[in-house]
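# After the sequence you'll find the predicted model.
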Amino acid sequence: MTQAFLGIDVGTSSTKGVVVLGDGTVARSASRPHTVQRPVPGHVEMDPEVWWDELTSLTEELTGDGAFEIAAMGVSGMGPCVVLTDDSGSPVRPAILYGVDSRAGEQIRTLEAELGREAIRERCGSVLSSQAAGPKIAWVRESEPEAYAAARRFFVPSSWLVHRLTGAYRMDRHSASQCTPMLDLATGEWYRPWAARVAPGIELPELAWPGELVGETREPVGGVPAGVPVVAGTIDAWAEAVSVGAQRPGDLMLMYGTTMFLIATTDRPRTSEVMWGTVGALPGTYNLAGGMASSGSVTTWVRDLTGGAGFEDLLTEAEASGPGARGLLLLPYFDGERTPVSDPRARGVVAGLTLSHTRGDLYRAALEGTAYGVRHNLEALDEEGVTVRRVVAVGGGVQHPLWPQIVSDVTGLEQVIPTTTIGASYGMAHLAAAVVGEADITAWNPPARTTRPDPAHRARYDEFYDLYRRLYPATVQVVHALSDVQHSLQPKERP
């Protein structure tokens, strides 16, 4: 029987699993698609039991034939999401998702008025936004008092699944640092006065570093037997950064997924008004991070809207469209926007449409709009004094060279594309391997290629980036009014 390591990741659109051998080779992989629920405008949720069912199904598919001896396993997940449970770990309501869920605006304003916006930023690394978990806990307490009265514990997806596997009630420090305003960034510990204000009556989990051994499987799960070591997980984007070794000051991990994520590793704790200052995935590391609310989800929307063509066909057509998408410009704020705009009422805008434009032009505009958003985030990092020396790209969007090429052309930065771009599940398999022996991520996942900017496209993209930055303030009043109309047309009560 071959020794191997199991990594599971719960994402926004699917749960993925990989079996990885001791040298980093991916022996098997599988996924389970799922969808989020949007019961009320601005609310984005999932039933945590779906994650457990998918984890069980994946472990059966990947390891059920007994071909591998799983030496250790780890789980990551989207986040920060709010999973409130009773004493036994049973959820009292659906999980509230990360920054795509914008329900807690009133709670953000109340907490800022009470605790002080600047005080929150200085202590926690970030101001409150739709990304912060703390105001969403406060929303449950105020809006669903019966559910909150039954709640005793607080999880994120990875820690809830680890609890189901092992019985341990522990959360990784990075995930906790996104539960603003509950964790002190400088100490890496819960700041109990503010935690008690946000989540009274909730027992706070013990903290651990991602990859730290927290227990063993209590019983067989799918094809995984009882007694297998389980490590603390983390938020998926940070597990992706682990998977490509982007952990040194000056490194930037760029994740091409349903949303676009950027994680810059810094030499010390950093705070920001528009980005997210966090504890890193490894002891002694810190990050300044950002995330767009929509990226890959917009390209999927274009595909579905234009007849469901295959992505390869759309990419071929987009490549033929050329830089500037024949005069189309797209704001990718289809689900509001996170950093650096921080506007949950923002909406997508397509400017310049004519009857001669094709689906390839629209698809190219979606790719370019995301690239302009990346450049906007990079400029915000630069304004905070963060120097980016190396960019490592990962995620499904790097499988075809066009999207990374557009991002490099727009930003002027080279991107290293690693050999394995599976992402978070692979990063968790690496952390699991490291807890039982030596596992060098550089040896596991060496660079495969480098995407370099084409200087011939720089002038056109500089011109369009200037238009991109002007388009949001020029349309914001209109899209806010349309957002209000959209909310008024939707049911106000949970079905």
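Sure thing, it's come through.

# Now for residue 145: which residues touch it?
When contacts are counted by Cβ atoms under 8 Å, 6 or more residues apart in numbering, residue 145 is found next to no other residue. (C-beta placed from N, C-alpha, C; glycine too.)

# Please report how far it lies from residue 139.
11 Å (Cβ to Cβ, to the nearest Å).

# what's the answer for residue 110, then?
The span separating residue 110 from residue 139 equals 10 Å under the rule Cβ to Cβ.

# which of those two has more neighbours?
Between residue 110 and residue 139, counted using other Cβ atoms under 10 Å, residue 139 has the larger neighbour count: 21 against 15.

# I'd like to know which elements the strand or helix carrying residue 406 is packed against.
Element membership of residue 406 [criterion: DSSP states H and E] is helix 402-411. Contacts of helix 402-411 with other secondary structure elements, assessed using 3 or more Cβ pairs under 8 Å, 6 or more residues apart in numbering; DSSP states H and E, are made with strand 251-256, helix 311-321, helix 359-383, strand 415-418, strand 447-451, helix 458-488.

# switch to 7 Å and redo it
helix 311-321, helix 359-383, strand 415-418, strand 447-451, helix 458-488 (3 or more Cβ pairs under 7 Å, 6 or more residues apart in numbering; DSSP states H and E).

# Direction-wise, compare it with helix 458-488 and give the angle.
Relative orientation of helix 402-411 and helix 458-488, computed by axes from the mean of the first three to the mean of the last three Cα atoms, to 10 degrees: 110 degrees.

# Centre of the chain to helix 402-411, how far?
Between the mean C-alpha point of helix 402-411 and the mean C-alpha point of its chain there is a distance of 20 Å (Cα atoms, centre = their mean, to the nearest Å).

# With stretch 112-126 instead?
23 Å.

# Endpoint to endpoint, that stretch covers what distance?
Distances were taken as Cα to Cα, to the nearest Å; on that basis the terminal residues of stretch 112-126 are 12 Å apart.

# mind listing what's buried in it?
For stretch 112-126, the buried set under the neighbour-count rule, 16 or more other Cβ atoms under 10 Å, comprises 112, 115, 120, 121, 123, 124, 125, 126.

# would you say the first one is within a helix?
When you say that, I think you mean residue 112. Yes: applying DSSP: H, G, I helix; E, B strand; the rest coil, one finds residue 112 inside a helix.

# May I have the predicted confidence score for the residue nearest to residue 69 when sequence neighbours are not counted?
Nearest in space to residue 69, with sequence neighbours left out and distances taken as Cβ to Cβ, 6 or more residues apart in numbering, is residue 1 at 4.6 Å. Looking at residue 1, its pLDDT stands at 83.

# what's the burial count for residue 1?
A total of 8 residues lie near residue 1 under the criterion other Cβ under 10 Å.

# What of residue 399?
Residue neighbour count, defined by other Cβ under 10 Å, stands at 14 for residue 399.

# what do you get for residue 318?
28.

# which residues touch it?
Contacts were defined as Cβ atoms under 7 Å, 6 or more residues apart in numbering; by that measure residue 318 touches 360, 363, 364, 367, 402.

# so where's the stretch 51-200 of the chain shaky on pLDDT?
Of all residues in the stretch 51-200 of the chain, none has pLDDT under 70.

# With the stretch 351-495 of the chain instead?
Counting by pLDDT under 70, the low-confidence segments of the stretch 351-495 of the chain come to 490-495.

# switch to 80 and redo it
In the predicted model, the stretch 351-495 of the chain carries pLDDT under 80 at residues 438, 490-495.

# quick one: which of the contacts of residue 318 is nearest to residue 48?
Taking Cβ to Cβ as the measure, residue 48 sits nearest to residue 367 out of those, at 33.2 Å.

# sorry, back to before: same list (the buried residues of stretch 112-126) but as a markdown table, adding secondary structure.
Formatted as a markdown table, these follow (three-state DSSP):
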| residue | secondary structure |
| --- | --- |
| 112 | helix |
| 115 | helix |
| 120 | helix |
| 121 | helix |
| 123 | helix |
| 124 | helix |
| 125 | coil |
| 126 | strand |
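
# circling back: what's the angle from the helix holding residue 406 to strand 251-256?
Computed by the same axes, to 10 degrees, the angle between helix 402-411 and strand 251-256 is 130 degrees.

# contacting residues around helix 402-411?
Outside of helix 402-411, the residues that reach it under the criterion Cβ under 7 Å, 6+ apart are 256, 315, 318-319, 323, 367-368, 371-372, 374-375, 378, 393, 397-398, 414-415, 417, 451-454, 457-458, 461, 465.

# Try it again at 8 Å.
Applying Cβ under 8 Å, 6+ apart, the contact partners of helix 402-411 are 254, 256, 315, 318-319, 323, 364, 367-368, 370-372, 374-375, 378, 393, 397-398, 413-415, 417, 451-454, 457-458, 461, 465.

# Which among the residues you listed count as buried?
Among those, those scoring as buried are 254, 256, 315, 318-319, 323, 364, 367-368, 370-372, 374-375, 378, 393, 397-398, 413, 415, 417, 451, 453, 457, 461, 465 (criterion: 16+ other Cβ under 10 Å).

# which stretches of the stretch 51-200 of the chain form helices?
105-115, 117-124, 134-143, 145-150, 157-166, 173-177, 192-198 (DSSP state H, counting those that start in this stretch).

# hey, which of these is tucked in deepest?
With neighbours taken as mean count of other Cβ atoms under 10 Å, the helices of the stretch 51-200 of the chain reach their highest mean count in helix 173-177, at a mean of 28.

# how far does that one sit from the chain's center?
Averaging C-alpha coordinates over helix 173-177 and over its chain gives two centres that are 13 Å apart (Cα atoms, centre = their mean).

# going forward, begin numbering at 34 instead of 1
Happy to do that; since the first residue is 34 now, the last one works out to helix 206-210.

# Contacts only, for the spatially most central residue of the chain.
Centre of the chain computed as the mean C-alpha position; nearest residue by Cα atoms, centre = their mean is residue 270, 4.8 Å away. With contacts defined as Cβ under 8 Å, 6+ apart, residue 270 is in contact with 286, 288, 294, 296, 322, 324, 457.

# make it 7 Å
With contact set as Cβ under 7 Å, 6+ apart, residue 270 has these partners: 288, 294, 296.

# just checking, residue 249 touches residue 199?
Yes: Residue 249 lies in contact with residue 199 (Cβ atoms under 7 Å); the separation is 6.2 Å.

# what is in contact with these two at once?
Residues touching both residue 249 and residue 199 (Cβ under 7 Å, 6+ apart) are residue 263.

# care to break the chain down by domain?
Per automatic domain parsing, the structural domains of the chain span 35-270, 278-455+487-528.

# Would you mind saying which of those domains lies nearest residue 470?
Shortest separation from residue 470 across the domains of the chain is recorded for domain 35-270, at 7.6 Å, computed as Cβ to Cβ.

# Do me a favour and get the end-to-end distance for that closest one?
The stretch domain 35-270 measures 29 Å between its terminal residues, going by Cα to Cα.

# Now do the strands in the stretch 184-333 of the chain.
Assignment of strands within the stretch 184-333 of the chain using DSSP state E, counting those that start in this stretch yields the ranges 186-188, 203-205, 216-217, 222-223, 239-241, 246-249, 262-264, 284-289, 293-299, 309-312, 319-324.
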